[in-house]
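Visitor: Please find the sequence and the predicted model below.
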Amino acid sequence: MLSGTPDAWAQQTATGLKQQIVGTWSLAEQWAEQDGEKRQRFGPNPKGIAIFEGNGRFAQIVLRPDLPKIASNNAMTGTADENKAVVQGSAAFYGSWSVNENDGSVITHIDGSTYPNWDGQDQKRTVSISGDEMKLCVPGAQIGGTACAIWKHVK
C-alpha cells in the first residue's frame, strides 16, 4: 500500500515506483505483528542492508547487532547455543523482484534464503515511500504474522 493521500499516490506513480526503489537501503527498524503483539526478532537496533538493482535482482540481509562471536573461531564448530543465536538472529535472502504499479506492491521471488522454507516462493510486499524512507511489509513472516521493515535510502 502506498502512502495515504491521493497526492502521495500521484507523486509516487508519477516518478515510477520501481525507480524509487532501485538502490541500496539501510535497515532502520524491523518488527513482526501477530495477534496484536509486536515482536522485534532482530532487537530494537537491527542491522541490515537491502539492494534492489534496476535489472530486477535483489539481496537482503538482516542481523541482530548482538550476535555472539563463535568461541572456536570456526563456523563449523560453533556450540549449539552459538548456532541457535546466529540462526534466530539473522536472515538473508536473494532473488528477483518486480513492481505492480497498479496496487503499489513489490513481488519478490526468493531464489535462496537462510530460511529454506522460503526458497522458490513468490512474496507480495506492500510498499510505501516517503522521501528517503521505505516501508516494506510481508505476510508470512519467518516467526509468524506480518513482518514490516523501515529502510533508509543510502545515498
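Guide: Received, thanks. Numbering: from 1, shown residues only.
Visitor: Now tell me what touches stretch 46-65 from outside.
Guide: Identification of contacts with stretch 46-65 by C-beta atoms under 8 Å, 6 or more residues apart in numbering yields 18, 21-27, 29-30, 40-43, 45, 89-98, 108, 149, 151. Where C-beta positions appear, they are placed from N, C-alpha and C, glycine not excepted.
Visitor: Near the nearest residue to Q40 once chain neighbours are set aside, how many residues? Count them for me, please.
Guide: Using C-beta to C-beta, 6 or more residues apart in numbering and skipping the chain neighbours, the partner closest in space to Q40 is W31 (5.1 Å). By other C-beta atoms under 10 Å, the residues close to W31 number 20.
Visitor: roughly how far apart are W31 and H153?
Guide: According to C-beta to C-beta, to the nearest Å, W31 and H153 sit 20 Å apart.
Visitor: what do you get for N45?
Guide: If you go by C-beta to C-beta, the gap between N45 and H153 works out to 19 Å.
Visitor: And Q19, by the same measure?
Guide: Taking C-beta to C-beta as the measure, Q19 and H153 are separated by 12 Å.
Visitor: what about these two, which has more around it?
Guide: Remark: of Q19 and H153, H153 carries more neighbours, 16 against 10, as counted by other C-beta under 10 Å.
Visitor: So the more buried one versus A75, what's the distance?
Guide: Distance check for H153 against A75: by C-beta to C-beta, it reads 32 Å.
Visitor: Wait, S26 touches V154, no?
Guide: Yes. Using C-beta atoms under 8 Å, S26 is in contact with V154, at 5.3 Å.
Visitor: Just the element for the residue nearest to L17 when sequence neighbours are not counted, please.
Guide: Once flanking residues are discounted, L17 sits nearest to V99: 5.0 Å by C-beta to C-beta, 6+ apart. For V99, the element it lies in under DSSP states H and E is strand 90-100.
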